[in-house]
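*Asks:* with the sequence up front, the predicted model follows.
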Amino acid sequence: MRARMKNPAVILPDAMPAIQSVFQATKKGGVAEATLELVHLRVSQINGCGACVDAGARTAKKAGESDERLWSVAAWRETTYFTDAERAALALAEAATRLNDTSDPVPDEIWDEAARHYDEQQLAALILMVGVTNLFNRLNATTRQVAAAWG
């Protein structure tokens with residue numbers, strides 16, 4: 001495998017610091033790092049971004065995630081490994097990533113469950129994590145960035 005080009009955020013010198021700034025801001029929103037990593041991993045799985053799935057799983061593992069949780073995040077609804085709050089975050093992440101799949105992209109039931117577990121600042125962190133992950137996924141998938149080729 002070979003990338004089509006360097007990651008566009010690396011080519012334009014002001015892009016990566018701005019993206020990284022948003023990414024780092026998500027970590028200051030009061031959401032557990034493990035939850036943010038699971039959200040990043042799940043969004044990357046949905047989008048088929050091999051580079052982000054690889055990096056996300058490695059980062060989550062370094063942050064203390066268990067193999068069982070990493071292996072089963074794609075099927076989180078069918079496992080007992082995740083808390084109700086993590087399930088709410090994953091459901092929100094999936095809905096906000098698959099915006100075009102339904103006429104009501106983020107239904108009230110998904111939003112309300114997330115809001116039951118997270119305050120406004122934490123919701124902002126989750127939503128920004130979904131957004132910045134989708135951006136990374138689109139940059140990497142479009143240019144066919146190769147998993148583990150950069151790190």
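*Replies:* Received, thanks.

*Asks:* buried set for the longest helix belonging to the chain?
*Replies:* Using DSSP state H to define each element, the chain has its longest helix at helix 120-142. Within helix 120-142, the residues that qualify as buried are 122-130, 132-134, 136-137, 139-141, counting by 16 or more other C-beta atoms under 10 Å. Where C-beta positions appear, they are placed from N, C-alpha and C, glycine not excepted.

*Asks:* can you tell me what sits against that helix?
*Replies:* For helix 120-142, the surrounding residues in contact (C-beta atoms under 8 Å, 6 or more residues apart in numbering) are 4, 7-9, 19, 22-23, 25-31, 35-36, 39-40, 43-44, 47-52, 89, 92-93, 96-97, 114-115, 118, 145.

*Asks:* try 7 Å this time
*Replies:* 7-9, 19, 22-23, 25-26, 29-31, 36, 39-40, 43-44, 47-49, 51-52, 89, 92-93, 96-97, 114-115, 118 (C-beta atoms under 7 Å, 6 or more residues apart in numbering).

*Asks:* run a quick neighbour tally on Glu65.
*Replies:* By the other C-beta atoms under 10 Å criterion, the neighbourhood of Glu65 contains 19 residues.

*Asks:* what about the closest residue to it other than its chain neighbours, distance to Pro107?
*Replies:* Distance criterion C-beta to C-beta, 6 or more residues apart in numbering; nearest residue to Glu65, sequence neighbours excluded, is Ala34 at 5.9 Å. When C-beta to C-beta, to the nearest Å is the yardstick, Ala34 and Pro107 sit 26 Å from each other.
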